[in-house]
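Chemist: Below are the sequence and a predicted model for it; my questions follow.
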Amino acid sequence: MSTSAITAAPALVEMRGLTRHYDSRRGLWGRLTGNPGVLVQAVNGVDLDIRRGETVGLIGESGCGKSTLGRVAIRLHEPTAGSVRFDGTDLATLSPLELKRLRRRLQIIFQDPYASLNPRKSVLELLATPLRLHALASGPELADRVGAMLQAVGLGPEHLRRYPHQFSGGQRQRIGIARALMLEPDFVVCDEPVSALDVSVQAQIIGLLGRLKRELGLTYLFISHDIAVIGHVSDRIAVMYLGEIVEEGPRDAVLGDPRHPYTQSLLASVPRIEGTPGGARRQRLQGDLPSPVAPPPGCKFHPRCPVAVARCAREAPATTAVRPGHRVRCHLVT
Ligand code: SF4
C-alpha cells in the first residue's frame, strides 16, 4: 500500500486512554510471587491509532511498557482502563466466544522464538495446532496450508518433522512468524522480533516481515528498543517513555525533526538513519529509566531531561500537535 493510501485509510486499531497497572505480586502474567505487592504502572492513558496497511514502530527503553502495550492492544492482557477498538468493534463488548473468534485476526510474534515454541512439538504440530483449534482446516487441506506457510517464510517440507532445538535462531523466528500468520490475521504485534538475533540475520527477518506484510496485506505494531530498526521498518513512529507516548508522527518527521527531548536523546546515540534528514547535535541520554512502581511527578522525563524547567516537576504536559499527525507531550513544545 502506498504512503498516501495508508494516510487515507481508516484506523484498524484505535487505543483510547489505554492503561494497564498490575500488582507486582502477580507479575504481568498473573502468577503469584513472594514479593510484597506494589502497583506497577506499566501503561498510562495511551491514545494510538494504527491504520490498515501501515507499520507503527513503537520505540523506547527496556521496561518502558512497550511489550505490555502490545499485549493489551490484542487483549492478551486486560486493560485496567481505556479501550481498544479493532476494525470498529470495542473489544470490551465481546463475549468470550466472540473474542476467541476475533482473536484469529490479532496475532503476536515474540522476541524469543525458542521460549515461545513448545520444544516437544514438531514444526508440523506447531503450525497445524492453531488451524485445528479454530476448526479452519483438517486433513489434506491442513497439510497444504502448513506447507504453503512454511514455504512463505523460507523453510521447506524437509523441516516439517523437526523440533525447535534443531533450528538456528533465525530459522526459529521464521517458524514463530509462520505460526502467527497461520490464521491469516489482519493485525500483528511484532514484539522485538529481531532483538535476540545476530545483525546479519536481523536484516533477513526484517526483509521477510516486510515482504509478508506486502503480500498478505498485514498491519504491524513493531516494537523495538533499537531506533535504527524502527527507522527502517516504520511508516509512523510512537516514542514511549515510562508508560506514556511522548511523541508520535510520520517516520520522517519524528526522525528528521524530533521535538521531544527524549526522542532527541534517543537519536543522539545513533548515526543518522538512512533516508532521513540529519538533525542538530543533541545530548545523549543520561541516567536510568525510573521505576514504573513510583514514576516521578509532573513530566515523567523531568529527572533526566536536559532542558527541564521548574514547571516540569509539578505539572504533567499535555499533548500538542506540531504539524498534521505529529504530536508531542512537552511543556516547551507549543
Ligand atoms: Fe523536559 Fe519539561 Fe518537556 Fe518534560 S515537559 S520533556 S521535563 S522540558
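Modeler: Received, thanks. Only a predicted model underlies this, so the values are computations on that prediction, with no experimental measurement involved.
Chemist: what sits against the spatially most central residue of the chain?
Modeler: Nearest to the mean C-alpha position of the chain, counting by C-alpha atoms, centre = their mean, stands Ile223 at 3.3 Å. By C-beta atoms under 8 Å, 6 or more residues apart in numbering, the contact set of Ile223 is 57-58, 66-67, 70, 189-192. The C-beta positions use only the backbone N, C-alpha and C, and glycine is treated the same way.
Chemist: which residues in the protein form strands?
Modeler: 11-23, 39-51, 55-59, 81-86, 89-90, 106-109, 187-191, 219-224, 236-241, 244-250, 319-323, 326-329 (DSSP state E).
Chemist: and the angle from the first one to strand 187-191?
Modeler: An angle of 50 degrees separates the directions of strand 11-23 and strand 187-191 when computed by axes from the mean of the first three to the mean of the last three C-alpha atoms, to 10 degrees.
Chemist: any idea how far strand 11-23 is from the chain center?
Modeler: 13 Å (C-alpha atoms, centre = their mean, to the nearest Å).
Chemist: quick one: average pLDDT of that strand?
Modeler: Mean per-residue pLDDT for strand 11-23: 95.
Chemist: For the ligand, see how far away the closest residue to Ser67 other than its chain neighbours is.
Modeler: In this structure, Ser67 finds its nearest non-sequential neighbour in Asp191, 5.4 Å apart by C-beta to C-beta, 6 or more residues apart in numbering. Going from Asp191 to the ligand by C-beta to the nearest ligand atom, to the nearest Å gives 26 Å.
Chemist: Was I right to think Asp191 contacts Ile109?
Modeler: Yes - counting by C-beta atoms under 8 Å, Ile109 is a contact partner of Asp191 at 6.6 Å.
Chemist: who's more crowded, these two?
Modeler: Taking neighbours as other C-beta atoms under 10 Å, Asp191 and Ile109 compare with Ile109 leading, 25 against 22.
Chemist: residues contacting Gly45?
Modeler: 17-19, 81-82, 244.
Chemist: Could you single out the nearest of these to the ligand?
Modeler: Glu244 (10.6 Å; C-beta to the nearest ligand atom).
Chemist: In contact with the closest one, which residues?
Modeler: Counting by C-beta under 8 Å, 6+ apart, Glu244 touches 44-46, 300, 329.
Chemist: returning to what we had before: just list whatever residues bridge to the residue nearest to the centre of the chain.
Modeler: Ile223 has these beta-bridge partners by DSSP bridges: Leu58, Asp191.
Chemist: how near is it to Gly170?
Modeler: Applying C-beta to C-beta, to the nearest Å, the value for Ile223 to Gly170 is 19 Å.
Chemist: same question, Leu136
Modeler: For Leu136 relative to Gly170 (C-beta to C-beta), the value is 28 Å.
Chemist: what about the helices in this protein?
Modeler: In the chain, the helices defined using DSSP state H lie at 3-8, 66-73, 96-103, 113-116, 123-133, 139-152, 169-181, 199-216, 227-233, 251-256, 261-268.
Chemist: related to what we said a few turns ago, including distance to the ligand, could the contacts of Gly45 go into a markdown table?
Modeler: Shown next, in a markdown table, are the contacts of Gly45 (distance: C-beta to the nearest ligand atom, whole Å):
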| residue | distance to the ligand |
| --- | --- |
| Gly17 | 20 |
| Leu18 | 21 |
| Thr19 | 20 |
| Ala81 | 23 |
| Gly82 | 22 |
| Glu244 | 11 |
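Chemist: Among the residues you listed, which pair sits farthest apart?
Modeler: Across the contacts of Gly45, the longest distance by C-beta to C-beta is 13.8 Å; it joins Ala81 and Glu244.
Chemist: How about the residues of the stretch 151-300 of the chain by the ligand?
Modeler: Within the stretch 151-300 of the chain, the positions near the ligand by C-beta under 6 Å from any ligand atom are 260-261, 299.
Chemist: out of these, who's nearest the ligand?
Modeler: Once C-beta to the nearest ligand atom is applied, the member of these that ends up nearest the ligand is Cys299, at 3.1 Å.
Chemist: for the closest one, what are its contacts?
Modeler: Contacts for Cys299 (C-beta under 8 Å, 6+ apart) come out as 305, 308, 312-313, 315-317, 329-331.
Chemist: contacts with the ligand among the residues you listed, please.
Modeler: Contacts with the ligand within the contacts of Cys299, as defined by C-beta under 6 Å from any ligand atom: 305, 308, 312, 317, 330-331.
Chemist: In a markdown table, list the residues you listed along with neighbour count and pLDDT.
Modeler: Below are those laid out as a markdown table (neighbours: other C-beta atoms under 10 Å; pLDDT from 0 to 100):
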| residue | neighbour count | pLDDT |
| --- | --- | --- |
| Cys305 | 21 | 96 |
| Ala308 | 18 | 96 |
| Cys312 | 23 | 97 |
| Pro317 | 21 | 97 |
| Cys330 | 24 | 98 |
| His331 | 18 | 98 |
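Chemist: and those as JSON lines, adding distance to Pro324?
Modeler: Listed next are those as JSON lines, based on distance: C-beta to C-beta, whole Å:
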{"residue": "Cys305", "distance to Pro324": "26"}
{"residue": "Ala308", "distance to Pro324": "28"}
{"residue": "Cys312", "distance to Pro324": "27"}
{"residue": "Pro317", "distance to Pro324": "20"}
{"residue": "Cys330", "distance to Pro324": "18"}
{"residue": "His331", "distance to Pro324": "22"}
